[in-house]
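# structure for this input, please:
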Amino acid sequence: GLRRYEEGARLLTHVDRVTTHAASVIINVAQGNLSQPWTVEVHDHADRLHEVVMEPGDIVYYESAKCLHGRNTPLTGNGAYYTNVFSHYRPTGD
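Numbering: from 1, shown residues only. Reported below is the predicted structural model:
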């Protein structure tokens, strides 16, 4: 679904539910008034941290039930906003 975040928002590092999420996608649809990029932080299977800067139209695919992910740095900027579409997939019978 569509989610809009506003100034001060944070997403603590987590993994998603294994019963509903195998692969996930983030699509950044809009952002504005940011004083610095609001990176999505994803830890890969070797526990290496990847800090991904997204622009409107960018897509990030990741294994959300296995890889730690979040946005630990607060969204900053006077009137800052960030809007994403999320989609999650899990094979049937898995």
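# got the phi and psi for residue 82?
Note on residue 82: backbone dihedrals following degrees, to the nearest 10 are phi -150, psi 120.
# does it touch residue 28 like I think?
Yes - at 7.3 Å, residue 82 counts as touching residue 28 under the criterion of Cβ atoms under 8 Å. All C-beta atoms are positioned from the backbone trio N, CA, C, and that covers glycine.
# so which of the two has more stuff around it?
Shown here are residue 82 and residue 28; by other Cβ atoms under 10 Å, residue 82 has more neighbours (23 against 19).
# quick one, what contacts the more buried one?
Residue 82 makes contact with 4-6, 9, 28, 30-31, 34, 38, 75, according to Cβ atoms under 8 Å, 6 or more residues apart in numbering.
# does residue 25 touch residue 61 like I think?
Yes - Residue 25 is within contact range of residue 61, at 5.2 Å (criterion: Cβ under 8 Å).
# between those two, which one's more packed in?
A direct count of neighbours by other Cβ under 10 Å for residue 25 and residue 61 places residue 25 higher, at 15 against 11.
# how far away is that one from residue 89?
8 Å (Cβ to Cβ, to the nearest Å).
# what about residue 3, which SS state?
strand (DSSP: H, G, I helix; E, B strand; the rest coil).
# mind checking how far the residue lying closest to it once chain neighbours are set aside is from residue 91?
With Cβ to Cβ, 6 or more residues apart in numbering as the criterion, residue 3 has its nearest non-adjacent residue at 5.5 Å, and that residue is residue 84. Distance of residue 84 to residue 91, given as Cβ to Cβ: 24 Å.
# same check on residue 68?
22 Å.
# next SSE downstream of the helix or strand harbouring residue 41?
Assessed by DSSP states H and E, residue 41 sits inside strand 40-43. Beyond strand 40-43 on the C-terminal side, the first helix or strand identified by DSSP H and E is strand 49-52.
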